[in-house]
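Undergrad: Have a look; sequence and predicted model below, questions after that.
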Amino acid sequence: MIEETIETDIAVLGGGLAGICAALGAARRGRRVVLAQNRPVLGGNSSSEVRVWVCGATAHGIHLFARETGIMGELYVENQFRNPEGNPYYWDLLLEETVRAEPNITLLLNTDVTEVTADGPPERRTIRSVTGWMSGSERRITIVAPTFVDCTGDGLVGHLAGAEHMSGREAREQFGESWAPEAPDGNMLGSTILFSSRDTGVPSKFVPPPFAVDVVAAGIPEHRVIRQDMRGCAFWWIEWGGELDVVHDDARIRQELQAVCYGLWDHIKNSGRFDADTLTLEWVGAVPGKREYRRFVGEHVLTQHDVLGQTEFEDRIGFGGWSIDLHPSGGVYATEPGSRHWHPEGNYHLPLRSLFSRNVTNLWMAGRDISASHVAFGSTRVMATCAVLGEAAGIGAALAQELGSSPSALAGEHVAQLRRAMVRADASVLGVENDDPADLALQAQVIASSAKTRLASERSAGTRVLADDLGLVLPVDPALDGVEILVDAAHPTELHAALHATSKPQNYLPDAEVQQVRVPVAEGRSWVRLPLAWEPGSARNAFLTLHANPDLAVHEGEHVEPGTVTMIHREMPEDEQWTEQWRHWKETLHGRGICFRAIAPTRAFRPEQVRGGYARPYGGPNMWVSGPAAEDPQPWLELVWEAPQQVREVDVIFDDDVNEDLINLHHHRTEAEIMPTLVRSARLEGRIGGSWRTLASLEENRRRRWSVDLGEEQELEALRLVALDTHGAPGARVVAVRTYAG
């Protein structure tokens, strides 16, 4: 046995997406990081060992312009290019390659941390070191660090350090949550094992083991959807153990879940109810994917009210958007539906104060073990949100060390520095403006060769009967002065429309009504003008409802204008049990929208949008869009200073279409391997001594962020970005340009 000690700045324990992003977030700020993972692969529940889809704030496309940026966004976009088939092993490879590419990270796989050295009274503990055993290598490794981040999921490190925690379900009165039980109990979300099949093309038999569950006798087919084409996480409802201790009873839970998997496969193969003769069982998970265990107590406990009310925390460091998604304790054997969902109206904010322990001074946490009630945890537990929390914890821990600050002070007196660090990392934050005095771009004038000033989608790709209400979201900046809609009328009728404001800048649902109109429509095809007018005073999103009229057919557009989405209104099904969860507007005309044209010109895409402001849609699209390529084939954007500036670093943020709902293992498929909205090739030029010089070139780009280190400070009078072409969008789209002295 080899005894060894590693000293580092930050120790991250747990190599799921939360741990990966925490390690990367801290390392990219120059901290030395040790990342220890108790399995041979990274990714946790998203890895090839468990194979759960990475879901997040988009809620499978229900929330608009909601896909994560930062490290999680990088992984989504790169996986889309490398792994269009959703191969779980390619996902593993991407995660490990990303971690190993960071020189400040020491990666320890197969290292199970089970010992913690901590001291101090219960109300103020401090971790000194952690120790783990690296299986297969006979190495006993002690990690010494001033800061520890518990991303273990089960929260073992924090627990051994004496951190206060919660488990099970809190009583309704504790946080005043309507979805909490009246009395507290130890029940929690259960664990899951998945399986996959493939078609061999020839007959293939299956002999079930004697321990396989008789799923018909257990009543499972009566209460769950089973099809022979379902694979992997489509069987998310194979869940059990919520009434047990999901850690201490892990072996028993694993045995039961595998018995259910083999019983389901026996049912599919041998019951005669499915066309499964040539199917074979390709993979069965061996590691239960856990959903819930310990939740540590931080300075703030996130609750149902924060999720649904979208509380605007001053120390917000990320956002979520998955529904409050709670499952019956009986899991796969329950007779009620396998889940119930309560969606907030849009993305909600996550505070830094939920990411550090209130009684262990140097313990941060991210992932499943953050400070949240059981009900709120039903939303924050999904992995893309865990990744966002991980990056925030890593950046927060690094910044606290840089400032010599406590985590609590970082959330208070140093919150401005925290928010600037999150913006500079292009992290997933909402409503946080770039006001960083280090960004020299804030002092510059911004000009461009052109800018998009017209919102219109005029070329028809077919029609759809106006059988349901349709909603068109479009940016209003500075005013709306009428909208025209292309329709076909079976006979003379009228088009009834209503204009609404949205409740919050990140929401895309109708709220306060602005105006209603009824306009006569002649028989045949026509552009119908809706005399809707609104001048909100600042950039806002408008929600235009076209009320159902089966005598009208609306034309679908060939393309979707930036900042716009068309939604479909659906009535609640008669058998919907939990009425408060039903969301009427949750489907879109994806990739098309409707044919419309706004009468007034828009300023939503002016070049000044790249300076300061927000780095994602929030009360509008917040980006520069050039004029069409036919008019401006190589658009450019310039920052011009009154006096020369010493510039060494330039960050360009391109538009990677955060409204496109990507997913790692392709629960649904996005055809484009590279986002068409991205600039493909570009040139960065600097004006030095009155002459333009090429500073950097970009070719075959497929990423959102282009970071350029000029090697040494350059005295620039102006900086120009020339967009040579895109991956398909008709104009260049740039979210932000930032410049720094170093």
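TA: Received, thanks.

Undergrad: Ramachandran angles for residue 254?
TA: phi -60, psi -50 (degrees, to the nearest 10).

Undergrad: The one 4 residues further on too?
TA: Per-residue torsions, residue 258: phi -70, psi -40 (degrees, to the nearest 10).

Undergrad: where in the protein is pLDDT low?
TA: 575-581 (pLDDT under 70).

Undergrad: Mind naming the longest strand for it?
TA: strand 705-726 (DSSP state E).

Undergrad: any idea which helix or strand comes after that one?
TA: Using DSSP states H and E, the helix or strand that follows strand 705-726 in sequence is strand 733-740.

Undergrad: Helix, strand, or coil at residue 131?
TA: strand (DSSP: H, G, I helix; E, B strand; the rest coil).

Undergrad: Chain neighbours aside, what residue packs nearest to it?
TA: Closest residue to residue 131 apart from its sequence neighbours, by Cβ to Cβ, 6 or more residues apart in numbering: residue 115 at 4.0 Å. For every residue, glycine as well, the C-beta is placed using N, CA and C.

Undergrad: cool, residue 211 as well?
TA: Closest to residue 211 by Cβ to Cβ, 6+ apart is residue 259, at 5.0 Å.

Undergrad: Phi and psi next, for the one you found.
TA: phi -60, psi -40.

Undergrad: residues near it, how many?
TA: Residues contacting residue 259 under the criterion other Cβ atoms under 10 Å number 20.

Undergrad: Looks like it contacts residue 213 (just checking).
TA: Yes: counting by Cβ atoms under 8 Å, residue 213 is a contact partner of residue 259 at 4.8 Å.

Undergrad: Any buried residues in the longest strand of the chain, and which?
TA: For strand 705-726, burial by neighbour count (16 or more other Cβ atoms under 10 Å) applies to 705-706, 708, 710, 714, 716-724, 726.

Undergrad: Stretch 453-466 now?
TA: 455, 457, 460-461, 463-464, 466.

Undergrad: Could you list the domains of this structure?
TA: Domain ranges of the chain: 2-169+298-424, 191-284, 440-451+605-740, 456-598, per automatic domain parsing.

Undergrad: Now tabulate those domains in a markdown table and tack on distance to residue 185.
TA: Listed next are the domains of the chain as a markdown table, based on distance: least, Cβ to Cβ, whole Å:
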| stretch | distance to residue 185 |
| --- | --- |
| domain 2-169+298-424 | 5 |
| domain 191-284 | 9 |
| domain 440-451+605-740 | 32 |
| domain 456-598 | 20 |
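
Undergrad: deepest of those domains, which one?
TA: Mean neighbours per residue, mean count of other Cβ atoms under 10 Å, is largest over the domains of the chain for domain 2-169+298-424, with a mean of 22.

Undergrad: so residue 231 touches residue 199, yeah?
TA: No: between residue 231 and residue 199 there is no contact under Cβ under 8 Å: 10.8 Å.

Undergrad: What separation is there between residue 688 and residue 637?
TA: Distance of residue 688 to residue 637, computed by Cβ to Cβ, to the nearest Å: 18 Å.

Undergrad: which residues in the stretch 351-500 of the chain form strands?
TA: 363-365, 445-448, 456-457, 460-466, 470-476, 480-489, 493-501 (DSSP state E, counting those that start in this stretch).

Undergrad: The closest residue to residue 742 other than its chain neighbours: what secondary structure?
TA: In space, and not counting its chain neighbours, residue 742 is closest to residue 648: 4.4 Å by Cβ to Cβ, 6+ apart. Put simply, residue 648 is strand when judged by three-state DSSP.

Undergrad: any idea how far residue 648 lies from residue 741?
TA: Taken as Cβ to Cβ, the span from residue 648 to residue 741 is 6 Å.

Undergrad: next one: residue 639
TA: From residue 639 to residue 741 the distance is 14 Å (Cβ to Cβ).

Undergrad: Also residue 341?
TA: Distance from residue 341 to residue 741, by Cβ to Cβ: 48 Å.

Undergrad: do residue 670 as well
TA: 39 Å.

Undergrad: And for residue 143?
TA: 35 Å.

Undergrad: Rebuild the strands of the stretch 351-500 of the chain as TSV, extending it with distance to residue 588.
TA: What follows is the strands of the stretch 351-500 of the chain, written out as TSV (distance: least, Cβ to Cβ, whole Å):
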stretch	distance to residue 588
strand 363-365	35
strand 445-448	30
strand 456-457	14
strand 460-466	13
strand 470-476	9
strand 480-489	17
strand 493-501	17
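
Undergrad: Quick check: which of those is nearest to residue 544?
TA: strand 470-476 (4.4 Å; Cβ to Cβ).

Undergrad: Please name every helix or strand in contact with the closest one.
TA: With contacts taken as 3 or more Cβ pairs under 8 Å, 6 or more residues apart in numbering; DSSP states H and E, strand 470-476 sits against strand 480-489, strand 540-546, strand 565-569, strand 596-598.

Undergrad: Dump these into JSON lines; add distance to residue 6 as well.
TA: Formatted as JSON lines, the helices and strands packed on strand 470-476 follow (distance: least, Cβ to Cβ, whole Å):
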{"stretch": "strand 480-489", "distance to residue 6": "60"}
{"stretch": "strand 540-546", "distance to residue 6": "50"}
{"stretch": "strand 565-569", "distance to residue 6": "49"}
{"stretch": "strand 596-598", "distance to residue 6": "60"}
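
Undergrad: Which stretch among those strands approaches residue 44 most closely?
TA: strand 565-569 (32.2 Å).

Undergrad: Give me the angle between the closest one and strand 470-476.
TA: Orientation note: strand 565-569 sits at an angle of 150 degrees relative to strand 470-476 (axes from the mean of the first three to the mean of the last three Cα atoms, to 10 degrees).

Undergrad: Please compute how far strand 565-569 lies from its chain's middle.
TA: In terms of Cα atoms, centre = their mean, to the nearest Å, the centre of strand 565-569 is found 21 Å from the chain centre.

Undergrad: Check which strands are paired with the next helix or strand after it and give the direction for each one.
TA: Counting by DSSP H and E, the element after strand 565-569 in chain order, helix or strand, is strand 585-588. Next to strand 585-588 in the sheet, as set by DSSP bridges, lie strand 565-569 (antiparallel).

Undergrad: Taking strand 460-466 as reference, get the angle to the strand it pairs with.
TA: Using the same axes, to 10 degrees: strand 565-569 against strand 460-466 is 30 degrees.

Undergrad: Name the residues that touch strand 565-569?
TA: Here strand 565-569 makes contact (Cβ atoms under 8 Å, 6 or more residues apart in numbering) with 64, 468-473, 508, 545, 548, 560, 584-589, 592-594, 659.

Undergrad: and the buried residues of strand 705-726, which two are the farthest apart?
TA: So, those by Cβ to Cβ: farthest apart are 717 and 726, at 28.1 Å.

Undergrad: one step back: looking at it, the residue nearest to residue 742 is touching residue 715, isn't it?
TA: No: with contacts counted by Cβ under 8 Å, residue 648 stays clear of residue 715, the gap being 10.7 Å.

Undergrad: mind saving the C-alpha coords of stretch 698-715 as CSV?
TA: Taking Å, rounded to 0.1, in the frame of the first residue of the first chain, the C-alpha atoms of stretch 698-715 are listed here in CSV:
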residue,chain,number,x,y,z
LEU,A,698,-10.9,32.1,-36.7
GLU,A,699,-11.7,29.3,-39.0
GLU,A,700,-14.4,26.5,-38.9
ASN,A,701,-15.6,27.8,-35.6
ARG,A,702,-18.3,25.7,-33.8
ARG,A,703,-18.2,27.3,-30.4
ARG,A,704,-19.9,30.2,-28.7
ARG,A,705,-16.9,31.8,-27.1
TRP,A,706,-13.8,33.0,-29.0
SER,A,707,-11.1,34.0,-26.5
VAL,A,708,-8.0,35.7,-28.0
ASP,A,709,-4.8,36.3,-26.0
LEU,A,710,-2.7,38.7,-28.0
GLY,A,711,0.5,37.6,-26.1
GLU,A,712,1.3,41.1,-25.0
GLU,A,713,-0.6,44.4,-24.6
GLN,A,714,-1.4,46.1,-27.8
GLU,A,715,-2.1,49.9,-28.0
